[in-house]
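1. sequence isn't available, so here's the structure alone:
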């Protein structure tokens, strides 16, 4: 059995990069800044800004819009709702799949690195482990990229979402952007 640890340093760096990408993917699931709407009606939405994520839509309000919500009012966007646009529904499903596939890819990478550094297994099984890790990590990247590009396209073309009245949101924004640093 040949000792592979002296040749596996770039694979170790790629594993760390994959792990950072997986963490960023998991963080992006909870963000509400997928779309930032600028609205003109400031009676309820006192800040004039609505944040629309793949799981919920939120806005700041200094009026009492519902029991217990004085500052930030959020409503969840369900996959089964009739108003949910296809890019948000696809984002909910594909980002979760990306998280699971990325976790599998990172686990395969840890297994492959263990075999390479400790000399466990045959060279062919180590190579197969690295190839499956690459395939899973690239699949996770593609699964993340599809909703991101689709959302960007929806923002650039200023597509609206027909929210129900209980969301207390206007039917269309004045403008929308992907995110702003000061809003984050």
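-> Structure's in. What do you need? The structure displayed is predicted, hence computed values, not measured ones. Numbers count the residues shown, from 1 in each chain.

2. let's verify residue 31: helix, strand, or coil?
-> With DSSP: H, G, I helix; E, B strand; the rest coil as the basis, the three-state label of residue 31 is coil.

3. distance of it from residue 132?
-> Counting by C-beta to C-beta, to the nearest Å, the separation of residue 31 from residue 132 is 30 Å. The C-beta positions use only the backbone N, C-alpha and C, and glycine is treated the same way.

4. more neighbours, the two?
-> When residue 31 and residue 132 are compared on other C-beta atoms under 10 Å, the one with more neighbours turns out to be residue 132, at 16 against 13.

5. what helix or strand is the more buried one on?
-> When elements are assigned from DSSP states H and E, residue 132 belongs to helix 123-156.

6. and that helix, what does it pack against?
-> Under the contact criterion of 3 or more C-beta pairs under 8 Å, 6 or more residues apart in numbering; DSSP states H and E, helix 123-156 touches helix 9-29, strand 35-38, helix 86-118.

7. what helix or strand is residue 58 located in?
-> Residue 58 is located in strand 56-60, with elements delineated by DSSP H and E.

8. flag every buried residue along that strand.
-> For strand 56-60, the neighbour count (16 or more other C-beta atoms under 10 Å) marks 57, 58, 59 as buried.

9. how about residue 82, secondary structure?
-> Of the three states, residue 82 takes coil according to three-state DSSP.

10. one step back: walk me through which strands the helix or strand just after the strand holding residue 58 pairs with, and which way each runs.
-> Once strand 56-60 ends, the next helix or strand along the chain (criterion: DSSP H and E) is strand 72-76. Strand 72-76 pairs in its sheet with strand 56-60 (antiparallel), by DSSP bridges.

11. and the angle from the partner strand to helix 86-118?
-> The directions of strand 56-60 and helix 86-118 differ by 110 degrees, with axes from the mean of the first three to the mean of the last three C-alpha atoms, to 10 degrees as the criterion.

12. helices or strands next to the least confident helix or strand in the chain by mean pLDDT in the packing?
-> Sorted by mean pLDDT, DSSP states H and E, the helices and strands of the chain end with strand 175-177, the least confident at a mean of 83. Contacts of strand 175-177 with other secondary structure elements, assessed using 3+ C-beta pairs under 8 Å, 6+ apart, are made with strand 35-38.

13. still on that earlier bit, now render the helices and strands packed on helix 123-156 as a markdown table, adding distance to residue 152 and mean pLDDT.
-> Shown next, in a markdown table, are these (distance: least, C-beta to C-beta, whole Å; pLDDT from 0 to 100):
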| stretch | distance to residue 152 | mean pLDDT |
| --- | --- | --- |
| helix 9-29 | 13 | 89 |
| strand 35-38 | 10 | 88 |
| helix 86-118 | 10 | 92 |
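
14. secondary structure element holding residue 173?
-> For residue 173, there is no helix or strand it lies in under DSSP H and E.

15. and it, what is it in contact with?
-> Applying C-beta atoms under 8 Å, 6 or more residues apart in numbering, one finds that residue 173 lies in contact with 37, 38, 39, 50, 158, 160.
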